[in-house]
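Undergrad: make a model of this:
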Amino acid sequence: MKEGFILKKIISIAARNVSFSDNGQFLRKTRVCAYCRVSTGSLKQSESLKTQVSYYGRYIKNKAEWEYAGVFADEGISGTGMLKRTEFNKMIRACELGKIDLIMTKSISRFARNSADCLDVVRHLKNIGVGVYFERENINTLGADSELVLSILSSIAQDESRNISENVKWGVQKRFREGKVYIATKRFLGYDLNNEKQLTVNSNEAQIVKRIYSEYLNGRSLKEIKSGLEKDNIKTVTGNRVWNKSTIEYILQNEKYCGDAVLQKTITVDYLTGKRKKNKGEAPKYEVKAHHESIISKEDFLKAQNIRKRKALKYGNLPEDRDKYQNRYVFSGKIICGNCGASFNRRTWNSKTKVKQIVWQCRTYINEGKSSCSMKAVDDITLKAVFVRVFNRIYEAKEDFFKRFANNIEKALKQSEKCEDVLKVDREIENISGKIKELVRKQIKGELEESTFDRKYNDLKDTLQEFKNRRNLLSYDDEKYKELLERNKKIKKFLEGREGTVTEFDDDIFENLIENIVVITPTHLEFHFKNGMVVEEEFIKKRGIKGLQ
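TA: Numbering: from 1, shown residues only. Sure, this is the predicted structure:
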């Protein structure tokens, strides 16, 4: 390429539906779309959706100043999350591409029932110049005072979703108490569902289950069972040729294979995200005996459980004592992978020497392999040696080190005398927000005339803004800094009680000082102290397992 030559980049700009006024000023029609949603796939709801689509199509096309940008409609989709709403996401993408100026929708509860998602989307659209108009509430999100009302309406819609979730949960638990069970069989090896939604044995898949139990009862390990299944080209329930040991273990501990059913093994912990966790006693469980035809005899199932317990006991890893086991060692749960964020597990390697080597390795690497996380292991002796070095350096400079840290916290705490004023203002803000919420709720139900609503709303809004302005002047984070200061005092007191530096690792010192260790690389560690300080330590590991540089 010749010197000084500039490569030109040519971008094609598509033509738009525009016009010009008599004086040549650029005019463009507002590109308007509509979003509709019904939450079930019933025939009645489907007809409702068709009616909405037809109505909005005609309404937008009849506006001379508007350009029709389509109607996006999701059917049978819950409003509590955005991810599965295909048409909704398609609409947002069109907004981002500059194809839409305004979205019309029936009400905020049709747009979103999650206040966080709703506000995030609306603010995102607002930033790119796209408004949302809610017909029922008569709110345009590009309006000057729409944000407050929108947050209140989102809160109301979220309350509705919570009530629905609680009603559904009550219905599910009622069915559990009555012994009524619904089990999905798409990923349940060995069983199908008949027309009455009852479990029936899938004879071909049942042979695989029987093989797994037979081999396990005859002394084969999970690894050996896995290898045998793959060697014989036997596929998993999802059609994969590769078996996970966790899948085999799940089959060996699932009581449904002996005909019983334990219900509510997991519970929903967040009705908005649908996140679930194992039920560890937070909610009742229900056991239904002889619920369906068994594949494995009760005797063989119990034998398998006894073998599992014996193996767990051998390695100190009893399922019912798992939390206790995980905290047997000082580093348990305290070493975090800087790559993927998973915790490190303790492992024993058979080294070339007579002594076995203890290492800590990323859980993701162990369970999913190098392709998921490439972080290498850190040996136990190295971790302890590095901590000793970090501790000694801090101990020798402890006065200056903690003094500077404490001074920074105390500066932030100078506003602590404002605590009582802050609490009073916060109570007023909460009180006024509650009144506005109730006012809007009455307006939605048609219990207020528009003139009455406008007058009361404006008065409350002005008062609320006055208190918010006062709150901003009093803003501080008192509790956070008090906690950090207290932690810092405890660490300082602990160090002052020491008689000097150390020559070897001390569990008690580590437990008192360190929150966790983040492994950036096997030779680059971050020590996160309990008072919020972070100390980085990079080193070169010499040959052998003890030497550091």
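Undergrad: which stretches of the stretch 301-450 of the chain form strands?
TA: All strands of the stretch 301-450 of the chain, identified by DSSP state E, counting those that start in this stretch, fall at 335-337, 344-349, 357-362, 378-379.
Undergrad: can you tell me the element the closest residue in space to residue 236 that isn't next to it in sequence falls in?
TA: Among residues not flanking residue 236 along the chain, residue 243 sits closest, at 5.9 Å (Cβ to Cβ, 6 or more residues apart in numbering). In short, each C-beta sits where N, CA and C put it, glycine included. In the assignment (DSSP states H and E), residue 243 maps to no helix and no strand.
Undergrad: low pLDDT regions in the stretch 151-300 of the chain?
TA: Residue ranges of the stretch 151-300 of the chain with pLDDT under 70: 151-186, 264-284, 286.
Undergrad: okay, residue 2: pLDDT?
TA: At residue 2, the pLDDT value in this model is 45.
Undergrad: please identify which helix or strand holds residue 89.
TA: Residue 89 is part of helix 86-96 when elements are defined by DSSP H and E.
Undergrad: what sits up against that helix?
TA: With contacts defined as Cβ atoms under 8 Å, 6 or more residues apart in numbering, helix 86-96 is touched by 33, 35, 37, 69-70, 72-74, 82-83, 100, 103, 121, 124-125, 128, 130.
Undergrad: filter the residues you listed to the buried ones?
TA: 33, 35, 37, 69-70, 72-74, 82, 100, 103, 121, 125, 130 (16 or more other Cβ atoms under 10 Å).
Undergrad: in helices only, show me those.
TA: Mapping the buried ones among the contacts of helix 86-96 onto helices (DSSP state H) picks out 121, 125.
Undergrad: what's the farthest-apart pair in the buried ones among the contacts of helix 86-96?
TA: The most widely separated members of those, counting by Cβ to Cβ, are 69 and 82 (20.0 Å).
Undergrad: residue 195: which element?
TA: Residue-wise, residue 195 maps onto no helix or strand under DSSP H and E.
Undergrad: next, it: phi, psi?
TA: Residue 195 adopts backbone torsions of phi -60, psi -20, taken as degrees, to the nearest 10.
Undergrad: re earlier: output the strands of the stretch 301-450 of the chain in CSV; the columns should cover mean neighbour count, distance to residue 292 and mean pLDDT.
TA: Output for these, formatted as CSV (neighbours: other Cβ atoms under 10 Å; distance: least, Cβ to Cβ, whole Å; pLDDT from 0 to 100):
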stretch, mean neighbour count, distance to residue 292, mean pLDDT
strand 335-337, 20, 42, 92
strand 344-349, 16, 37, 88
strand 357-362, 21, 40, 90
strand 378-379, 21, 48, 90
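Undergrad: can you add distance to residue 453 and give the ones you listed back as a markdown table?
TA: What follows is the strands of the stretch 301-450 of the chain, written out as a markdown table (distance: least, Cβ to Cβ, whole Å):
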| stretch | distance to residue 453 |
| --- | --- |
| strand 335-337 | 52 |
| strand 344-349 | 58 |
| strand 357-362 | 58 |
| strand 378-379 | 64 |
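Undergrad: sec struct for residue 237, please.
TA: Following DSSP: H, G, I helix; E, B strand; the rest coil, we place residue 237 in the coil state.
Undergrad: what's around the residue nearest to it when sequence neighbours are not counted, how many residues?
TA: In space, residue 237 comes closest to residue 189 once its chain neighbours are excluded; the distance is 4.1 Å by Cβ to Cβ, 6+ apart. Around residue 189 there are 20 other residues, counting by other Cβ atoms under 10 Å.
Undergrad: tell me the secondary structure for residue 189?
TA: Under three-state DSSP, residue 189 comes out as coil.
Undergrad: where exactly do the strands run in the stretch 151-300 of the chain?
TA: Going by DSSP E, counting those that start in this stretch, the stretch 151-300 of the chain shows strands at 191-193, 199-201, 261-263, 266-270, 275-278, 286-288.
Undergrad: partners of the first one, with directions?
TA: When you say that, I think you mean strand 191-193. According to DSSP bridges, strand 191-193 forms sheet pairs with strand 199-201 (antiparallel).
Undergrad: what does the partner strand rub up against?
TA: Residues outside strand 199-201 that contact it (Cβ under 8 Å, 6+ apart) are 183, 185, 190-194, 256, 291-293, 295.
Undergrad: give me that answer again for 10 Å
TA: Applying Cβ atoms under 10 Å, 6 or more residues apart in numbering, the contact partners of strand 199-201 are 181, 183, 185, 188, 190-194, 209, 256, 259, 261, 291-295.
Undergrad: buried residues in that strand, which are they?
TA: Buried, per 16+ other Cβ under 10 Å, within strand 199-201: residue 199.
Undergrad: do stretch 243-263 as well
TA: 243, 247-248, 251-252, 254-261, 263.
Undergrad: a markdown table for the residues you listed, including distance to residue 463?
TA: Shown next, in a markdown table, are the buried residues of stretch 243-263 (distance: Cβ to Cβ, whole Å):
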| residue | distance to residue 463 |
| --- | --- |
| 243 | 65 |
| 247 | 60 |
| 248 | 64 |
| 251 | 63 |
| 252 | 64 |
| 254 | 60 |
| 255 | 60 |
| 256 | 60 |
| 257 | 64 |
| 258 | 66 |
| 259 | 65 |
| 260 | 61 |
| 261 | 57 |
| 263 | 51 |
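Undergrad: and these, which of them are in helices?
TA: 247-248, 251-252.
Undergrad: one step back: and the contacts of strand 199-201, which are buried?
TA: Looks like those have 181, 185, 188, 190-191, 209, 256, 259, 261, 291-292, 294-295 buried, using 16+ other Cβ under 10 Å.
Undergrad: identify the farthest-apart pair in these.
TA: Going by Cβ to Cβ, the pair spanning these furthest: 181 and 209, at 18.9 Å.
Undergrad: the residue nearest to residue 236 contacts residue 226, doesn't it?
TA: Yes. Using Cβ atoms under 10 Å, residue 243 is in contact with residue 226, at 4.7 Å.
Undergrad: for the two, list the residues in contact with both.
TA: Shared contacts of residue 243 and residue 226 (Cβ under 10 Å, 6+ apart): residue 212.
Undergrad: ok, back up a step: adding distance to residue 217 as columns, could you present the ones in helices among the buried residues of stretch 243-263 in TSV?
TA: Below are those laid out as TSV (distance: Cβ to Cβ, whole Å):
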residue	distance to residue 217
247	18
248	13
251	13
252	10
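Undergrad: any idea which of those residues is closest to residue 204?
TA: residue 251 (15.3 Å).
Undergrad: for the closest one, what are its contacts?
TA: Residue 251 touches 188-190, 208-209, 212-213, 216, 225, 237, 257, 295-296, 304, counting by Cβ under 10 Å, 6+ apart.
Undergrad: quick check, nearest of those residues to residue 343?
TA: For the contacts of residue 251, the nearest to residue 343 is residue 225 (27.6 Å; Cβ to Cβ).
Undergrad: for residue 245, see how far away the closest one is.
TA: Distance of residue 225 to residue 245, computed by Cβ to Cβ, to the nearest Å: 8 Å.
Undergrad: what do you get for residue 51?
TA: 53 Å.
Undergrad: would you agree residue 387 is in contact with residue 529?
TA: No. Using Cβ under 10 Å, residue 387 makes no contact with residue 529, being 11.4 Å away.
Undergrad: find residues that contact each of those two.
TA: With contacts defined as Cβ under 10 Å, 6+ apart, the residues shared by residue 387 and residue 529 are 513-514.
Undergrad: out of the two, which sits in the busier spot?
TA: residue 387 (23 against 19).
Undergrad: ok, that one - contacts?
TA: Shown in contact with residue 387 (Cβ under 10 Å, 6+ apart): 330-331, 502, 505-506, 509-510, 513-514, 517, 525, 527, 537.
Undergrad: for it, give its distance to residue 506.
TA: Residue 387 is 9 Å from residue 506, where distance means Cβ to Cβ.
Undergrad: relative to residue 202, how far out is residue 238?
TA: 14 Å.
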